[in-house]
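1. I need the structure of the sequence given here:
(chains A and B)
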Amino acid sequence: MSRRTSPVIPGFGLTLGYTLVYLSLLVLIPLGALFLKTTELSWAQFIAIVSAPRVLAALKLSFGTAFAAAVLNGVIGTLLAWVLVRYRFPGRKIIEAMIDLPFALPTAVAGIALTALYAPNGPIGQFATDLGFKIAYSPLGITLALTFVTLPFVVRTLQPVLADIPREVEEAAACLGARPLQIVRHVLLPALLPAWLTGFALAFARGVGEYGSVIFIAGNMPMKTEILPLLIMVKLDQYDYAGATAIGVLMLVVSFILLLAINLLQRRIAYG
Amino acid sequence: MTTASLPVSANARATTTRRGKQTARRLLIGAAWLTFALFLLLPLLIVLGEAFKQGVGTFFTAILEPDALAALKLTLLAVGISVPLNLVFGVAAAWCVSKYEFRGKSLLVTLIDLPFSVSPVIAGLIYVLLFGAQGYFGEWLSDRDIQIVFAVPGIVLATLFVTVPFVARELIPLMQEQGSTEEEAARLLGASGWQMFWHITLPNIKWGLIYGVVLCTARAMGEFGAVSVVSGHIRGLTNTLPLHVEILYNEYNHVAAFSVASLLLALALVILLLKQWSESRIARLKTGAQP
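-> Numbers count the residues shown, from 1 in each chain, chains lettered A, B, ... in the order given. A predicted model of the protein is given here:
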């Protein structure tokens, strides 16, 4: 490996070596074991495991609810980022500090709190019961739990970008006769979209893998409200290591493809 | 349109847009408050409400019970090992990424972030595949009577995995922004490598470091999925606080579950305060750097 800058600054070999050894021992070799384990299965066996109806139902549920939660976050995250950056109002500092609560709060705590809130007899859940539907123990509850744990992503990626857009650009557009909606469409949207997609992708990726907050509120009914990570747990409890591994690999591959697609979309928006 | 009426209509339009802007402002702030109350404040209040439902006495019984204390001890142990190790790793990784140019650098940065995009359950699973009874090293370990999975080392390993990126991720952009001129000057004036690090680099990155440590601690303390896979859920032995909450909850001991949960909530609020504080220090450093 060649290095170019700062020959006077020591420690290249030491720090790079340490970084590589640490990452290899803790992350790369263990993840390699996951893929090595799948090679013990033949293609036919692998396909049989991942195309079982229960796995497909969990796959649809996990990716569907994570997508819905990321979209919901795209909306309320944009609202919160906009209000926090553009306006000064009473309580702004409290909201600003509390946005990160979902990252600081253990997900199990979030899980039982949201379940208490949205359960059929809970403070919010009972309204849903009156209207004849369920929030907790349904995909809607899973979506809301994922929305909670991934809430900071969109807000925190949008805030710095929003703060960097000079107000003069909007004012200039307004002076030239643009209506508010035109300003949003032609000035704000193009500037914010790449960061918005980043936040969306982070929330989505986290949502797909999330376990702690979901298992309490989901109800965990096979075929109905069972998420993929839980299915891995179920297989592990049955000592079905090959099955658990196959589902794990499926999850990693599907997430990777989706994130790659979002990345490509982002580049197309940013450069052309 | 006559020339005389033009300024009037433009003026009128300006007034309506200003009035429209005021209404929009109020509506948006109201909506933000509502979202905040519904999504963040309410879950927080319900934890406290449920915890103290039967008074302060039951709350203290729940958090002072031996199993809860053992869980607290294990959580502190996992935090105490994983945070310092990831701190040293974070500094080393940020150092080689921000001070030098080399091939494969962006790949390295992607690898550092990798644990963030792996489901915690998969993080636990990979250690079971390696060190579990049927794992690749399972036989070797059992011959030597070493237990990693379903024991404390597994919990520490899983916690380490999920918290790898935090410190590195905060330091890399900060150190890239600061550049290396100060370090180069120190070297040219005769400082040794370590002198340069302790006297120049460390004071510069101090607040970023604290910020990363705070985030890392929060995740290490609260990790559930990864730890749950490798724990084996042995009460008093391999239960962390979040796992203890789960067990109590599943036993329908809701008051105790929420009591322990409110302890974790209190820790989370402390973490938010520390985070806010280190963030404001970083912001002050940045504005101080460019007068």
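2. touching, A:Gly212 and A:Ile112? I think so.
-> No. Counting by Cβ atoms under 8 Å, A:Gly212 stays clear of A:Ile112, with 9.9 Å between them. Glycine gets a C-beta too; all of them are placed from N, C-alpha and C.
3. who's more crowded, these two?
-> Shown here are A:Gly212 and A:Ile112; by other Cβ atoms under 10 Å in any protein chain shown, A:Gly212 has more neighbours (29 against 26).
4. low-scoring stretches of the chain, by residue?
-> Because you didn't say which chain, this covers chain A. Across chain A, the stretches falling below the confidence threshold (pLDDT under 70) are A:1-7, A:271-272.
5. let me rephrase: I mean chain B.
-> Scanning chain B with the threshold set as pLDDT under 70 gives B:1-17, B:288-291.
6. for it, longest helix please?
-> For chain B, the longest helix by residue count, based on DSSP state H, is helix B:254-289.
7. which SS class is A:Leu34?
-> helix (DSSP: H, G, I helix; E, B strand; the rest coil).
8. count of neighbours near it?
-> With other Cβ under 10 Å as criterion, A:Leu34 counts 20.
9. I'd say it and B:Val121 touch.
-> No. With contact defined as Cβ under 8 Å, A:Leu34 and B:Val121 do not form a contacting pair (11.7 Å).
10. which residues do these two both contact?
-> Counting by Cβ atoms under 8 Å, 6 or more residues apart in numbering or on different chains, the contacts common to A:Leu34 and B:Val121 are A:Gly248.
11. show me where the stretch 101-250 of chain B has helices.
-> B:105-113, B:120-131, B:138-143, B:152-163, B:165-178, B:181-188, B:193-196, B:202-222, B:225-231, B:241-250 (DSSP state H, counting those that start in this stretch).
12. let's have these in JSON lines, adding mean neighbour count and distance to chain A.
-> Shown next, in JSON lines, are the helices of the stretch 101-250 of chain B (neighbours: other Cβ atoms under 10 Å in any protein chain shown; distance: least, Cβ to the nearest Cβ, whole Å):
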{"stretch": "helix B:105-113", "mean neighbour count": "15", "distance to chain A": "6"}
{"stretch": "helix B:120-131", "mean neighbour count": "27", "distance to chain A": "4"}
{"stretch": "helix B:138-143", "mean neighbour count": "13", "distance to chain A": "11"}
{"stretch": "helix B:152-163", "mean neighbour count": "25", "distance to chain A": "6"}
{"stretch": "helix B:165-178", "mean neighbour count": "21", "distance to chain A": "8"}
{"stretch": "helix B:181-188", "mean neighbour count": "16", "distance to chain A": "4"}
{"stretch": "helix B:193-196", "mean neighbour count": "15", "distance to chain A": "4"}
{"stretch": "helix B:202-222", "mean neighbour count": "22", "distance to chain A": "3"}
{"stretch": "helix B:225-231", "mean neighbour count": "28", "distance to chain A": "3"}
{"stretch": "helix B:241-250", "mean neighbour count": "23", "distance to chain A": "4"}
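13. make CSV out of those helices and add distance to A:Ala52.
-> Below are those laid out as CSV (distance: least, Cβ to Cβ, whole Å):
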stretch, distance to A:Ala52
helix B:105-113, 32
helix B:120-131, 18
helix B:138-143, 27
helix B:152-163, 27
helix B:165-178, 33
helix B:181-188, 57
helix B:193-196, 57
helix B:202-222, 32
helix B:225-231, 21
helix B:241-250, 27
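14. rewinding a little: helices or strands up against the longest helix of chain B?
-> Judged by 3 or more Cβ pairs under 8 Å, 6 or more residues apart in numbering or on different chains; DSSP states H and E, the packing partners of helix B:254-289 are helix A:92-98, helix A:101-104, helix A:107-118, helix B:42-51, helix B:55-64, helix B:66-99, helix B:202-222, helix B:241-250.
15. rerun at 6 Å
-> When contacts are defined as 3 or more Cβ pairs under 6 Å, 6 or more residues apart in numbering or on different chains; DSSP states H and E, helix B:254-289 packs onto helix A:101-104, helix B:42-51, helix B:55-64, helix B:202-222, helix B:241-250.
16. what distance separates it from the centre of its chain?
-> 10 Å (Cα atoms, centre = their mean, to the nearest Å).
17. go on, stretch B:220-229?
-> 13 Å.
18. between the two ends of that stretch, how far is it?
-> 15 Å (Cα to Cα, to the nearest Å).
19. before we move on, what about stretch B:32-49?
-> By Cα to Cα, the extent of stretch B:32-49 from end to end equals 24 Å.
20. what's in contact with it?
-> A:76, A:79-80, A:83, A:95, A:98, A:101, A:113-114, A:116-117, B:258, B:261-262, B:265 (Cβ atoms under 6 Å, 6 or more residues apart in numbering or on different chains).
21. in it, what's buried?
-> Buried residues in stretch B:32-49, defined by neighbour count with 16 or more other Cβ atoms under 10 Å in any protein chain shown: B:32-33, B:35-36, B:39-44, B:46-48.
22. same deal with stretch A:262-271?
-> Result for stretch A:262-271 [16+ other Cβ under 10 Å]: buried residues A:Ile262, A:Gln266.
23. any part of that stretch near chain B?
-> No. Stretch A:262-271 lies apart from chain B when judged by Cβ under 6 Å from any Cβ of the partner chain; the minimum separation is 11.0 Å.
24. contact partners of that stretch?
-> For stretch A:262-271, the surrounding residues in contact (Cβ under 6 Å, 6+ apart) are A:Leu193, A:Pro194, A:Leu197, A:Ala201.
25. list the residues that contact the last one.
-> Meaning A:Ala201. Per Cβ under 6 Å, 6+ apart, neighbours of A:Ala201: A:Leu259, A:Ile262.
26. if we use 10 Å, what do you get?
-> Listed by Cβ atoms under 10 Å, 6 or more residues apart in numbering or on different chains, the contact set of A:Ala201 reads A:Ala70, A:Phe153, A:Thr157, A:Ser255, A:Leu258, A:Leu259, A:Ala261, A:Ile262, A:Asn263, A:Leu265, A:Gln266, B:Ser117.
27. filter those down to the ones in helices?
-> Using DSSP H, the members of the contacts of A:Ala201 that fall in helices are A:Ala70, A:Phe153, A:Thr157, A:Ser255, A:Leu258, A:Leu259, A:Ala261, A:Ile262, A:Asn263, A:Leu265, A:Gln266.
28. tell me the span between the first and last residue of stretch A:24-35.
-> End-to-end distance of stretch A:24-35: 15 Å, with Cα to Cα as the criterion.
29. okay, buried residues for the longest helix of chain B please.
-> B:254-265, B:267-269, B:271-272, B:274-276, B:278-279, B:282, B:285.
30. how about residue 117, what does it touch?
-> Just going to use chain A. A:123-125, A:135-136, A:141, A:144, A:148, A:217, B:38, B:42-43, B:45-47.
31. wait, chain B
-> Here B:Ser117 is in contact with A:Ala201, A:Leu202, A:Ala205, A:Arg206, A:Val208, A:Gly209, A:Leu252, A:Ser255, A:Phe256, A:Leu259, B:Thr110, B:Pro165 (Cβ under 10 Å, 6+ apart).
32. how about the last one, what does it touch?
-> By that I understand B:Pro165. Counting by Cβ under 10 Å, 6+ apart, B:Pro165 touches A:27, B:86, B:89-90, B:93, B:109, B:111-117, B:172, B:212, B:215-216, B:219.
33. identify, from the contacts of B:Ser117, the entry nearest to B:Leu237.
-> Comparing the contacts of B:Ser117 against B:Leu237 with Cβ to Cβ places A:Gly209 closest, at 27.2 Å.
34. tally up the residues packed near the residue nearest to that closest one when sequence neighbours are not counted, please.
-> What sits nearest to A:Gly209 in space, not counting adjacent residues and going by Cβ to Cβ, 6 or more residues apart in numbering or on different chains, is B:Ser119, at 2.8 Å. Using other Cβ under 10 Å, B:Ser119 has 26 other residues around it.
35. B:Ser119 touches A:Leu250, doesn't it?
-> No. Counting by Cβ atoms under 10 Å, B:Ser119 does not reach A:Leu250; the two are 11.3 Å apart.
36. overlap in contacts, those two.
-> Shared contacts of B:Ser119 and A:Leu250 (Cβ under 10 Å, 6+ apart): A:Leu228, A:Ile232.
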